[in-house]
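In: predicted model and sequence below, questions to follow.
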Amino acid sequence: MSEQHSLRDGVTGEPLTLITAEGQRVDSDTLDPWVNDVGDSFLAGLYEDMVVIRRIDTEATHLQRQGELALWPPLLGQEAAQIGSARALAQDDFVFPSYRENGVAYCRGVNLTDLIRVWRGNASSGWDPYQVNVATPQVIIGAQTLHATGYAMGLVNDGASSATITYFGDGATSQGDVNEAMVFAASFCLPVVFFCQNNHWAISEPVGLQSQVPLAGRAPGFGIPALRVDGNDVLAVLAATRIALDRACSGGGPTFIEAVTYRMGPHTTADDPTRYRDANELEDWKAKDPISRLAALLNSHGMDMEKLDADVAAKADAVASDLRSGCINLPDPEPLDVLPTFSLRIAPG
Amino acid sequence: MSEQHSLRDGVTGEPLTLITAEGQRVDSDTLDPWVNDVGDSFLAGLYEDMVVIRRIDTEATHLQRQGELALWPPLLGQEAAQIGSARALAQDDFVFPSYRENGVAYCRGVNLTDLIRVWRGNASSGWDPYQVNVATPQVIIGAQTLHATGYAMGLVNDGASSATITYFGDGATSQGDVNEAMVFAASFCLPVVFFCQNNHWAISEPVGLQSQVPLAGRAPGFGIPALRVDGNDVLAVLAATRIALDRACSGGGPTFIEAVTYRMGPHTTADDPTRYRDANELEDWKAKDPISRLAALLNSHGMDMEKLDADVAAKADAVASDLRSGCINLPDPEPLDVLPTFSLRIAPG
Amino acid sequence: MTVMTFGRAINAGLRKAMDQDPKVVLMGEDIGKLGGVFRITDGLQKDFGAHRVIDTPLAESGIMGTAVGLAYRGYRPVVEIQFDGFIYPAFDQIVCQVAKLHYRTQGNVKMPITIRVPFGGGIGSPEHHSESPEAYFTHTSGLRVVSVSNPQDAYTMIQQAIASDDPVLYFEPKRRYHTKGEVDEAADLSQAPAVGAASVVTQGSDVTLVTYGPLVSTARDVAIAASDDGVSVEVIDLRSLSPIDFEPLEASVRKTGRLVITHEAAQFGGLGAEIAASITERCFNYLEAAPVRVTGFDIPYPPSKFESHHLPDLDRIMDGIDRAMGRPNSLSALEGK
Amino acid sequence: MTVMTFGRAINAGLRKAMDQDPKVVLMGEDIGKLGGVFRITDGLQKDFGAHRVIDTPLAESGIMGTAVGLAYRGYRPVVEIQFDGFIYPAFDQIVCQVAKLHYRTQGNVKMPITIRVPFGGGIGSPEHHSESPEAYFTHTSGLRVVSVSNPQDAYTMIQQAIASDDPVLYFEPKRRYHTKGEVDEAADLSQAPAVGAASVVTQGSDVTLVTYGPLVSTARDVAIAASDDGVSVEVIDLRSLSPIDFEPLEASVRKTGRLVITHEAAQFGGLGAEIAASITERCFNYLEAAPVRVTGFDIPYPPSKFESHHLPDLDRIMDGIDRAMGRPNSLSALEGK
Ligand SMILES: Cc1ncc(C[n+]2csc(CCOP(=O)(O)OP(=O)(O)O)c2C)c(N)n1
Ligand SMILES: Cc1ncc(C[n+]2csc(CCOP(=O)(O)OP(=O)(O)O)c2C)c(N)n1
Ligand SMILES: [Mg+2]
Ligand SMILES: [Mg+2]
């Protein structure tokens, strides 16, 4: 495969893949060199992560149904995109997420109770960004991509060799801010990874309404190299993110990654996807599930899946139970806590 | 030249050219078919247009120096970009310009006095857009590109087969609005021509600060075909605009044209380019002057240039004198004209 | 007369406007198949087609700028902003284009754009979903701003907004979408109260209580509760926030001598300031006390567990009435300080 | 003490702040080699380098969002908005991020961003170059807003704004850039008046005239002209537009019983409304007449040939004083209507 060819593939062709939907390991000239070190125990760790965050997602959805959370934005189906990218990050790298990156937050060590403060209505942000190097969930679509760009400018000025990564959706690519972020990042050659989870939907709008060409194709026109990867393939996502981080940290500037995935659940617990999307589409994507394909691969490697699944389930149960008790025991805030402890003006009204 | 090759050339390679800086006619597979009908008398007409608008520009600059105009944004150097594109338009096509398209406005039949109302401070817009199918000059960088997109949506809904063209600068490509306009135009396959005059400067900022890759390369990533043409070559610009309009009017959707040109004067009469740019750069571009190269071509075709230049000068003189007298005789508005004649609230203060 | 919810009434009004004028097009995020996140446009794409009920890419400036272009072409776009807090990316197009184009072109280019904004709090949502940004727009010359407080007005005024050649921001109190009321769908629009007219909702003689949108129904409750206290409250629903129909307000304050204004938006520089200032200018000699404002705090909209404390409610408005009446109130202890 | 222009004083203040804190970076369009279209940053890129005086791509939301990221990283960005009318593309980042991040994160993330905005009219420019958008920001909780009226304040307050951990909008009256005044460059910042403090510019006893920015010098002229008429005007320069330092205003109005407010921005919902409403609340029993507002008309900023009619000037403010004093004035003929 010529470099020319592989590059085109990597940007607007079929997404780059290392693990097929059936769980087969395939080659990729572009990605393979970046995951040479990944053995089965590392893969098993990724597997655990994915199972755990899916479980967090399920538990939080239940809590919402039970009235314990006001809202929850599920990540079901996007586990590989979130885990593969988050596990590529170094501690010093700084994450600027949207509202859906609960899996990323988990990997960064955000405390489970802190994870749901926002969704229970207790706080506008659940954690101190500086404790975990993750900014608070961004609700204004696309705004965080500029923050990642500015932070990256600060990293360069400081002579630091870490990077920022910013997460956003397919819908977000239409926002001016995301495009301006690419302009700034390219102009100043900044260490930013633009990580787009193309989950095919922006609430009820299919990705084709935002763009009729692959989203990864957007970036080269800004002077930013792009990679289009199978977002349900945790290994491919890991490799792509490592490529991007390596470029960023060695002065090569920004990279755009389109992780092609699928939102298997509703947009949020307030959404009803049956109003706008075909059940068949969901079925097609179930066949590409990120977790089961990794299970199949590990199984084919001779991993004792019964044991692994039992261990992972125990971990997931523990996490889910912590999440639940943390949530339920979160006290309602005191009325006066509404007022900031710092210098904002308060009307007497 | 293979199609593949010519396309790449047309987007990010050397700008497509039909008339070289020395006034030589060269071939272009892409452009030639679109100017088969252009004979010497048509070319002489374009020549006249360019000389006249340069003269308008000079006269207006004088008027500003003499205190008769508050400000003037010169187009010196961009005559071919404006005339080549404006003369490709049909009457029904609607123009959404920035503040610098006085040459385009002239071609559309905007009255000379109306042309300078804004710059004298008499009005916020000099003409009724519906009389000439040209919107009023847009000062907010990039905003007009969305208006062109919306108008084009209206054209499609009406079943009309005309198009819109929107003019903007190299600096404008960094604005969210311009990028959003491309998203909308591509998504709805709208008849818009995005005409970018890359005059190499946004006030004091060189184009490399906005983008390190050719601006025309931006569009394909949005699903919009692009053409990069020599913007000082009136024939190449005419051809490219015809290609774009033809595509637009036949349901093929938007096209992006980057006309590579140069702002030979200051940003506006309030600007002092010696503070930020090298005199050599200006000299280089003087050698690529759009008017002199067309004169050389016509001369080589055996045109009687003495006569043509005399006729054209007479026309230019007449236009300049109309402009001057229109300007000087424009009465100051009555104080109460500040109030709108329609339903706006007026404070008694 | 049909009984319908607030949301349904807007839907019916949109439908009627679209039926009557083929130039009316709806634009916004998720307004097509989904019918909008609040289902206000439910069924309209099915009936009018995707070229008239347009799901747009996710970009508010893009939506607004495209609407400007459509208006240029003679259309009457009705834009849905999904939530109040998402209007800001469109702010430049609204303030510099929508508001100014008719003045800029000496009236040649009209901007009959209606911008529908579900606004206000009380629905337990996260940040940016509960804001009251109306004062940014009422301070912007060239825009009309209205807010509706009941299904009948919702139905009538959306049609009037669309029919207006001026751009109109139409603020919908989202927490009232499920409130039901009678709507006369057959009513003749030309007989309806002018879109700019304020209305006296409850007559009273001791104090004038001015509000709009979501707090009108709270204000009615206040009037009832206050009358038990022996205070007669005249409630006025502004309906039009810009321009304001000051005459009924003046008439009322000349009668009562006391004015309370309530809104969810922050107090500092909110619409209440304009009303207090204007009524003081117009009725200075009739005022027995300074106009009182009861508003959201001057803080970013807080997390939802706080919103019942943040939003003016019956108790806080009653307290405002006590202040206007010079009766003991929550601030009494501070007096003389 | 050095005599310098207003513009030069800001330049000197920026230089000092950059000298003292390496985390101070300037960002904006054309601020580098050109020194900004008003030359306020003249020479700074040469002396501090392109990584501290950053010419940005032409995109205001991009600039502001990038500044937010820099602040996240511990920088203190000073953003130049080229002209008032170009701040709107950044409105979303200002209102939803700059203003809210410190509240959102319970104070963990600070936003020590200074946004410099040359504002106001009177320089004969085309549309969007002469606006007074301050009320949009004073109504936004979480922002500080200041405006300066003389070289000394310009010099001091730009440093205070940069040193503040809160985000500050710093409005520069562009038509006064060439005004000269004395500046004490050696003055100790900790001894300077607080950034939030209003100042009494001219003492008087008959009427209080409150203003800020470009109209402070007009107000001084008014005080002189009025004293010829036998009216003693106390002029107050607000300096901080949000929060407002109400105490000197209250003290003055308790003394004079009459209040005139003047600004270039439109009247409806302008800062004058807040001042009128607040002072009425605080000083109701002292007021002899309703507060009077003298402002720009409620229209988009007009073409420059009109600006002398649009902007409050000595005559219009004198007329406002006559209204406040109950003397014959331009509205007398309308009385009783
Ligand atoms: C500026 C803005 N406009 C609208 C919204 C409402 N909204 C919330 S999520 C969403 C869809 C986002 O889609 P996408 O970017 O694909 O991310 P996903 O939700 O699929 O992860 C919309 C329209 C918003 N939050 N912010
Ligand atoms: C939103 C906005 N920001 C800033 C400006 C100030 N400004 C006017 S022209 C200009 C440069 C424009 O450059 P470009 O787009 O290349 O067009 P050119 O002037 O070269 O034709 C700038 C920054 C503006 N008019 N609008
Ligand atoms: Mg999505
Ligand atoms: Mg340019």
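Out: It's in. Ligands and ions are numbered 1, 2, ... in the order given.
In: which positions in the stretch 51-200 of chain C make contact with chain D?
Out: Counting by Cβ under 8 Å from any Cβ of the partner chain, the stretch 51-200 of chain C comes close to chain D at C:61, C:85, C:88-89, C:91-92, C:95-96, C:99-100, C:103-104, C:127-128, C:135-136, C:138-139, C:141-142. For every residue, glycine as well, the C-beta is placed using N, CA and C.
In: one more pass at 10 Å, please.
Out: C:60-61, C:85-97, C:99-104, C:127-128, C:131, C:133-142, C:145 (Cβ under 10 Å from any Cβ of the partner chain).
In: return the subset of those lying in strands.
Out: residue C:145 (DSSP state E).
In: among the residues of the stretch 51-200 of chain C next to chain D, name the buried ones.
Out: The neighbour-count criterion (16 or more other Cβ atoms under 10 Å in any protein chain shown) marks C:60-61, C:85-97, C:99-104, C:127-128, C:131, C:133-142, C:145 among those as buried.
In: next step: these restricted to helices.
Out: Judged by DSSP state H, these include C:60-61, C:91-92, C:101-104, C:134-138 as members of helices.
In: now the residues you listed in a markdown table, with distance to ligand 3 and pLDDT?
Out: What follows is these, written out as a markdown table (distance: Cβ to the ion, whole Å; pLDDT from 0 to 100):
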| residue | distance to ligand 3 | pLDDT |
| --- | --- | --- |
| C:60 | 17 | 98 |
| C:61 | 20 | 98 |
| C:91 | 25 | 98 |
| C:92 | 25 | 98 |
| C:101 | 34 | 96 |
| C:102 | 38 | 93 |
| C:103 | 40 | 93 |
| C:104 | 38 | 95 |
| C:134 | 31 | 98 |
| C:135 | 33 | 98 |
| C:136 | 29 | 98 |
| C:137 | 30 | 98 |
| C:138 | 35 | 97 |
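In: got JSON lines for these, with distance to residue A:275 too?
Out: Formatted as JSON lines, these follow (distance: Cβ to Cβ, whole Å):
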{"residue": "C:60", "distance to residue A:275": "23"}
{"residue": "C:61", "distance to residue A:275": "27"}
{"residue": "C:91", "distance to residue A:275": "31"}
{"residue": "C:92", "distance to residue A:275": "33"}
{"residue": "C:101", "distance to residue A:275": "36"}
{"residue": "C:102", "distance to residue A:275": "38"}
{"residue": "C:103", "distance to residue A:275": "42"}
{"residue": "C:104", "distance to residue A:275": "41"}
{"residue": "C:134", "distance to residue A:275": "31"}
{"residue": "C:135", "distance to residue A:275": "35"}
{"residue": "C:136", "distance to residue A:275": "33"}
{"residue": "C:137", "distance to residue A:275": "31"}
{"residue": "C:138", "distance to residue A:275": "35"}
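In: now residue 120, nearest residue through space, not along the chain?
Out: In the absence of a named chain, this looks at chain A. residue A:69 (5.3 Å; Cβ to Cβ, 6 or more residues apart in numbering or on different chains).
In: that answer is for a different chain, and I need it for chain C
Out: Nearest non-adjacent residue to residue C:120 (Cβ to Cβ, 6+ apart): residue C:214, at 4.6 Å.
In: residue A:145 now?
Out: residue A:181 (3.8 Å).
In: what sits against that neighbour?
Out: A:96, A:142-150, A:152, A:166, A:168, A:175, A:190, A:192, A:194, A:222, A:254, B:176, D:59, D:61-62, D:65-66, D:69 (Cβ atoms under 10 Å, 6 or more residues apart in numbering or on different chains).
In: among those, which lie within strands?
Out: Taking DSSP E as the definition of strands, those contribute A:96, A:166, A:168, A:192, A:194.
In: which of the residues you listed come close to ligand 1?
Out: residue A:168 (Cβ under 6 Å from any ligand atom).
In: which residues does residue C:84 contact?
Out: C:117-121, C:128-134, C:171-172, C:174, C:301.
In: and the ones in helices among the buried ones among the residues of the stretch 51-200 of chain C next to chain D, which is closest to chain A?
Out: residue C:61 (5.7 Å; Cβ to the nearest Cβ).
In: in terms of helices and strands, where is the residue nearest to residue A:145?
Out: In this assignment (DSSP states H and E), residue A:181 forms part of helix A:176-187.
In: would residue A:264 count as being in a helix?
Out: No. Secondary structure of residue A:264 (DSSP: H, G, I helix; E, B strand; the rest coil): coil, not part of a helix.
In: what about it, how many neighbours?
Out: Neighbours of residue A:264 under the rule other Cβ atoms under 10 Å in any protein chain shown: 20.
In: leaving out chain neighbours, which residue sits closest to it?
Out: Residue A:264's closest residue in space is residue A:77 (Cβ to Cβ, 6+ apart), at 3.4 Å.
In: residues of the stretch 101-250 of chain A that sit close to ligand 1?
Out: Residues of the stretch 101-250 of chain A lying near ligand 1 (Cβ under 6 Å from any ligand atom): A:139, A:140, A:141, A:168, A:169, A:170, A:171, A:172, A:199, A:201, A:202, A:203.
In: report the contact partners of the residue in the stretch 101-250 of chain A that chain B sits nearest to.
Out: Using Cβ to the nearest Cβ, the single residue of the stretch 101-250 of chain A nearest to chain B is residue A:176, 1.8 Å away. Neighbouring residues of residue A:176 by Cβ under 10 Å, 6+ apart: A:142, A:146, B:142, B:175-181, B:183, C:59-62, C:89, C:92, D:59, D:61-62, D:89, D:92.
In: can you tell me the closest non-neighbouring residue to it?
Out: Spatially, and ignoring its direct neighbours in sequence, residue A:176 is nearest to residue B:176 (1.8 Å; Cβ to Cβ, 6+ apart).
In: how much space separates the closest residue to chain D within the stretch 101-250 of chain C from residue B:179?
Out: Closest contact between the stretch 101-250 of chain C and chain D, by Cβ to the nearest Cβ, is at residue C:139 (3.5 Å). Using Cβ to Cβ, to the nearest Å, we find residue C:139 at a distance of 29 Å from residue B:179.
In: and the gap between the residue lying closest to residue C:109 once chain neighbours are set aside and ligand 2?
Out: Spatially, and ignoring its direct neighbours in sequence, residue C:109 is nearest to residue C:101 (5.1 Å; Cβ to Cβ, 6+ apart). Noted for residue C:101: a distance of 16 Å to ligand 2, by Cβ to the nearest ligand atom, to the nearest Å.
In: count the residues that sit near residue C:224.
Out: 11.
In: elements contacting the strand or helix carrying it?
Out: Residue C:224 belongs to helix C:215-228 when assigned by DSSP H and E. Under the contact definition 3 or more Cβ pairs under 10 Å, 6 or more residues apart in numbering or on different chains; DSSP states H and E, helix C:215-228 sits against strand C:168-173, strand C:199-202, strand C:207-211, strand C:233-237, strand C:259-266, strand C:292-296, helix C:314-325.
In: now those as JSON lines including mean neighbour count and mean pLDDT?
Out: Listed next are the helices and strands packed on helix C:215-228 as JSON lines, based on neighbours: other Cβ atoms under 10 Å in any protein chain shown; pLDDT from 0 to 100:
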{"stretch": "strand C:168-173", "mean neighbour count": "27", "mean pLDDT": "98"}
{"stretch": "strand C:199-202", "mean neighbour count": "17", "mean pLDDT": "98"}
{"stretch": "strand C:207-211", "mean neighbour count": "29", "mean pLDDT": "98"}
{"stretch": "strand C:233-237", "mean neighbour count": "27", "mean pLDDT": "98"}
{"stretch": "strand C:259-266", "mean neighbour count": "28", "mean pLDDT": "98"}
{"stretch": "strand C:292-296", "mean neighbour count": "27", "mean pLDDT": "97"}
{"stretch": "helix C:314-325", "mean neighbour count": "21", "mean pLDDT": "97"}
